[in-house]
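# Build me a structure from this.
(2 chains)
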Amino acid sequence: GAGVSQSPRYKVAKRGQDVALRCDPISGHVSLFWYQQALGQGPEFLTYFQNEAQLDKSGLPSDRFFAERPEGSVSTLKIQRTQQEDSAVYLCASSLRLAGSYEQYFGPGTRLTVT
Amino acid sequence: GENVEQHPSTLSVQEGDSAVIKCTYSDSASNYFPWYKQELGKRPQLIIDIRSNVGEKKDQRIAVTLNKTAKHFSLHITETQPEDSAVYFCASKGAGSYQLTFGKGTKLSVIP
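I've put the predicted structure just below:
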């Protein structure tokens, strides 16, 4: 079946602009995660949804970052008033999240460049 | 919170040789340890994982070992091929959490 998809794949924003990044998880996957991957680093956790509920947003770096998953499927990560330090690849992952099922499957990411 | 250390940061091996990447974690309650392969510009791909109740798992040329006492786990790739060249990330999941904590990655180069 189709994997996790993300759009856009690349986004260039001028400092101060707002951006919205979209994630389409694998159909039927209950859990959805957003990670931020800086150049040459491992992914770092941002936020977690179980269905439409945002259960953990402890990784969001500032209140300029906001995520939602209103119908428990597609998710959007929004960054307001972008700063240069927001430049990174934003990865979405989904997981079935049945008991004992921990595998997370990643999308291709959105590369955000803030100029 | 959980901390994952990964070594080495770069690794070059001759084709056909073995490669070993090592990770340590800090949370003794962590219970799930996946490994991801990420080629340049591509998504991280899950290649193998291990649960805390298992000491070793093998899948063809790749294997993972876990030492819970030492809080240490390793990825072993045998008979390396040029297509194994990529960045490999280890990760762990705490028992009471959902998210993964990743190491900084190992860039593996397999020289033909």
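
# next one: the helix or strand where residue A:89 lies to chain centre, how far?
For residue A:89, the host element (DSSP states H and E) is strand A:88-95. Put simply, strand A:88-95 sits 5 Å off its chain's centre (Cα atoms, centre = their mean, to the nearest Å).

# then that strand to CSV, C-alphas only?
The C-alpha trace of strand A:88-95 is given here as CSV (Å, rounded to 0.1, in the frame of the first residue of the first chain):
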residue,chain,number,x,y,z
ALA,A,88,15.5,21.8,8.6
VAL,A,89,13.8,18.7,7.2
TYR,A,90,10.5,18.1,8.9
LEU,A,91,9.6,14.4,8.9
CYS,A,92,6.3,12.8,9.6
ALA,A,93,6.0,9.2,10.8
SER,A,94,2.9,7.0,11.4
SER,A,95,2.4,3.9,13.4
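
# quick one: it near chain B?
Yes: for strand A:88-95, a contact with chain B is found by Cβ under 8 Å from any Cβ of the partner chain, at residue A:91. (Glycine included, C-beta is placed from N, CA and C.)

# now for that strand, which elements pack on it?
strand A:5-7, strand A:19-24, strand A:31-37, strand A:75-79, strand A:105-106, strand A:110-114 (3 or more Cβ pairs under 8 Å, 6 or more residues apart in numbering or on different chains; DSSP states H and E).

# Kindly reformat the ones you listed as CSV containing distance to chain B and mean pLDDT.
Shown next, in CSV, are these (distance: least, Cβ to the nearest Cβ, whole Å; pLDDT from 0 to 100):
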stretch, distance to chain B, mean pLDDT
strand A:5-7, 9, 97
strand A:19-24, 12, 98
strand A:31-37, 6, 97
strand A:75-79, 15, 98
strand A:105-106, 5, 96
strand A:110-114, 8, 98
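
# what's the most buried one of the ones you listed?
For these, the largest average neighbour count (mean count of other Cβ atoms under 10 Å in any protein chain shown) is found in strand A:31-37, namely a mean of 24.

# Between strand A:110-114 and it, find me the angle.
Angle, strand A:31-37 to strand A:110-114, by axes from the mean of the first three to the mean of the last three Cα atoms, to 10 degrees: 40 degrees.

# Show me what residue 6 bridges to in the sheet.
Since you didn't name a chain, this refers to chain A. Taking DSSP bridges as the rule, residue A:6 bridges to residue A:23.

# Actually, chain B is the one I wanted.
Going by DSSP bridges, residue B:6 forms beta bridges with residue B:23.

# Among the helices and strands packed on strand A:88-95, which comes closest to residue B:60?
strand A:105-106 (20.1 Å; Cβ to Cβ).

# what helices or strands is that closest one leaning on?
strand A:88-95.

# now the strand it packs on and strand A:110-114, what's the angle there?
150 degrees.

# Neighbours of residue B:80, how many?
Neighbour count for residue B:80, taken as other Cβ atoms under 10 Å in any protein chain shown: 21.
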